[in-house]
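K.L.:
starting from these lines, generate the structure:
(one chain, ligands or ions: 2)
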Amino acid sequence: MTDEGPSGLPRSPGDDDRLWLSVMNKMDETWAELVGQQVELERKNAELEGAHAFMAGVFDSMSDVLVACDTALRVVRTNQAAERLFPAGADGLAGRLLTELVDARSPTTAADVANAIARRQRLEDREFMLAAAAGPMPFAVNGTVLYDARRRPSGVVLAARPLGELRRAYTELDRAHRSLKDAQAQLVQAEKMASLGRLVAGVAHELNNPISFVYGNAHTLRRFTRRLEAYLAAIHAHPRAADFARQRQDLRIDMVLSELDGALSGIVEGAERVRDIVADLRRFSADRRAPGTPFDLAGVARTALDWVLATCGRSVTVHADLDSTLEVDGHAGQMQQVVMNLVQNAVDAMEGIEHPALDIAGARRGGRVCLTIRDNGPGIAPEIMDRIFDPFFTTKPVGKGTGLGLAICYRMVTEHGGLLAASRHPAGGTTMTLDLPAFMPDDGHGNTGGMGA
Ligand SMILES: Nc1ncnc2c1ncn2[C@@H]1O[C@H](COP(=O)(O)OP(=O)(O)OP(=O)(O)O)[C@@H](O)[C@H]1O
Ligand SMILES: [Mg+2]
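P.N.:
Ligands and ions are numbered 1, 2, ... in the order given. Predicted coordinates:
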C-alpha cells in the first residue's frame, strides 16, 4: 500500500527526503540560536556577578553600619560593619527581625521604620539605641525606602553611624572654635593695649613737663608766701604803720594770706594727683624687657596684703592659704604692685559690706603658679566684665579711681607670660585669678613664658 500526503494525494519517497531535510535544517537553526543565547546569557551573568561583587566590596568597606530589610522588617542584607556590631548567630543576620537589633530603650523604634516605609518617607539623622554585642550603643541613623519595578515599597536600607564618634567630632570642633575665639579676643586685647600704650606714652610725656612746672612753682609760691608774711609782719610792727594797718584791714590782707596757703595746698595736691597719674601712665606704657630674677610670689603676696590692709582703715577678715614658697621668675616689684591693686580693688568693693572677708590662696600646679583673691563684695556685673581691663574704665567716683589699675596689672602679668582673669564667685563676690609660669631651675632660664613676651 502507498502513503498518502496531507492533501490526501499519494506521497512519493522523494517527498519524505525533502521533508526530513527541512526539519533537520530548522533544528540546526534553532540550536545555533540557542547556543548564541546561552553565550549572551553567560556574558550578562558574568557582568552581573562583577557588579554584585563590586557592590558587596563597597558595602563592606563602609565603616557605617548598613542593614537592608524587606517591608516586614526582616533583614535581607547587611555589611561587615553590621556583622561585627551585632551578636553573631549561626545563620548570620539575614532573616532576623529588625526589632531584635534595636534596644528596648531606643528613642526611635522599628515601628517608626515601618511607618516611614508606609509613608514613603526618608529617616534623617534619627537617634537609635542599637542592641550591639557589647551592649546598647547610640547611633544616628538615615533610612531610605526601596521600591520594586512597579514603584511599590519593597523595603528599607538603614545606614547607622555611632553617635559617640559624631559627638566627639562635634566636641572637638566646639573646643577648637572656642580656643580660636579666645585667641582672637586676646589678640584684640593685646593690640588694644599696644596702641593705647603708644598713645599713653605720648600723652604722659607731654603732660609731664607742664605738670612739673605747676608743681615746682606751687612749691616756690608757698616758700614766697612765708617770706611775704614775715615781711608784712615786720612792716606792721613799726609805729608809723597805722595807714598800712587800715589798708591791711580794708584789703583783708590777713584773710588773703591765710587763704593763700589753702589755695596753694589745693594746687600742690592737684598737681601731685596728676603727677601720680602720669607715673601710672608711664608704667603702663613702659617697655619692660629687662630680664627678671626668681622670687617667691607667696612672700610678695603676703607683703602686698599687709600693706593694703594696714592703710585701708577697716578690719577685714583674711583667710590665707598660700603654699610656703611659690617660685616665679620675673619682677617681684611689679607682681607686688599687681597683688596690691587686686587687694585694693577687693577692699574698695567691700566698702558697704558689714563683715568684709578676703580669701587669698596660692598653689603650684605643674608648671604654673596660681594665686586667687576672692572678696565678698557685690561682684562684677556681667555687662562690665569684658571692660574692666580696659584703661580708664572705672565705676568709682571721680578722684577715687583712674581705671588704670587692672589695665596696668594685665599688661605686667602678660609680660610675665601669665594670665589675669576675673570671675563672679557662685557664692557671691569676685575672684581674681593670677596665673604665672613657675620658675624652672633646670632649664637655666626660669620659666618659658619669657619677659617682655
Ligand atoms: N574685686 C572687685 N569687685 C567688684 N568690682 C571690681 C573689682 N575689681 C575691679 N572691679 C571693677 O573694675 C573696675 C576697674 O578696676 P581698676 O582697678 O582698673 O580701676 P579702679 O579701681 O576703678 O581705679 P584705680 O585702680 O585706677 O584706682 C573698677 O572700677 C570696678 O568697677
Ligand atoms: Mg583699682
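K.L.:
show me what the helix or strand where Ala298 lies is packed up against.
P.N.:
According to DSSP states H and E, Ala298 maps onto helix 297-311. With contacts defined as 3 or more C-beta pairs under 8 Å, 6 or more residues apart in numbering; DSSP states H and E, helix 297-311 has these neighbours: strand 317-322, helix 332-349, strand 357-365, strand 368-375. In this view, the C-beta of every residue, glycine as well, is placed from N, C-alpha and C.
K.L.:
now that helix: buried residues?
P.N.:
Judged by neighbour count using 16 or more other C-beta atoms under 10 Å, the buried positions of helix 297-311 are 297-298, 300-302, 304-305, 308-309.
K.L.:
same check, this time on stretch 85-104
P.N.:
Those would be 85-86, 93, 96, 98, 101-103, for stretch 85-104 by 16+ other C-beta under 10 Å.
K.L.:
show me the contacts for whichever residue of the chain sits closest to ligand 1.
P.N.:
Nearest residue of the chain to ligand 1 (C-beta to the nearest ligand atom) works out as Gly405 at 2.3 Å. Applying C-beta atoms under 8 Å, 6 or more residues apart in numbering to Gly405 gives the contacts 341, 344-345.
K.L.:
okay, domains of this structure per the record?
P.N.:
What automatic domain parsing lists as the domains of the chain is 12-58, 59-167, 190-285, 293-443.
K.L.:
model confidence over the first one, on average?
P.N.:
Just to be clear, that refers to domain 12-58. The average pLDDT within domain 12-58 is 87.
K.L.:
wasn't Lys44 part of a strand?
P.N.:
No: according to DSSP: H, G, I helix; E, B strand; the rest coil, Lys44 belongs to no strand; its state is helix.
K.L.:
mind listing what it touches?
P.N.:
Lys44 sits next to no residue when contact means C-beta under 8 Å, 6+ apart.
K.L.:
enumerate the residues of the stretch 201-350 of the chain near ligand 1.
P.N.:
The interface of the stretch 201-350 of the chain toward ligand 1, taken as C-beta under 6 Å from any ligand atom, is made up of 341, 345-346, 349.
K.L.:
which stretches of the stretch 201-350 of the chain have low pLDDT?
P.N.:
The model of the stretch 201-350 of the chain has pLDDT under 70 over residues 239-241, 283-290.
K.L.:
can you do 80?
P.N.:
Applying pLDDT under 80 to the stretch 201-350 of the chain picks out residues 201-202, 204-209, 213, 235-245, 247-248, 269-270, 273, 276-292.
K.L.:
in this structure, what residue lies closest to ligand 2?
P.N.:
Proximity to ligand 2, evaluated over the chain using C-beta to the ion, is greatest for Gly405 at 2.8 Å.
K.L.:
chain neighbours aside, what residue packs nearest to Ser154?
P.N.:
Asp148 (4.4 Å; C-beta to C-beta, 6 or more residues apart in numbering).
K.L.:
does that neighbour really touch Thr71, like I thought?
P.N.:
No: in this structure, Asp148 is not within contact of Thr71 by C-beta atoms under 8 Å, at 9.9 Å.
K.L.:
bridged to Leu371, which residues?
P.N.:
Beta-bridge partners for Leu371, by DSSP bridges, are Gly362, Leu434.
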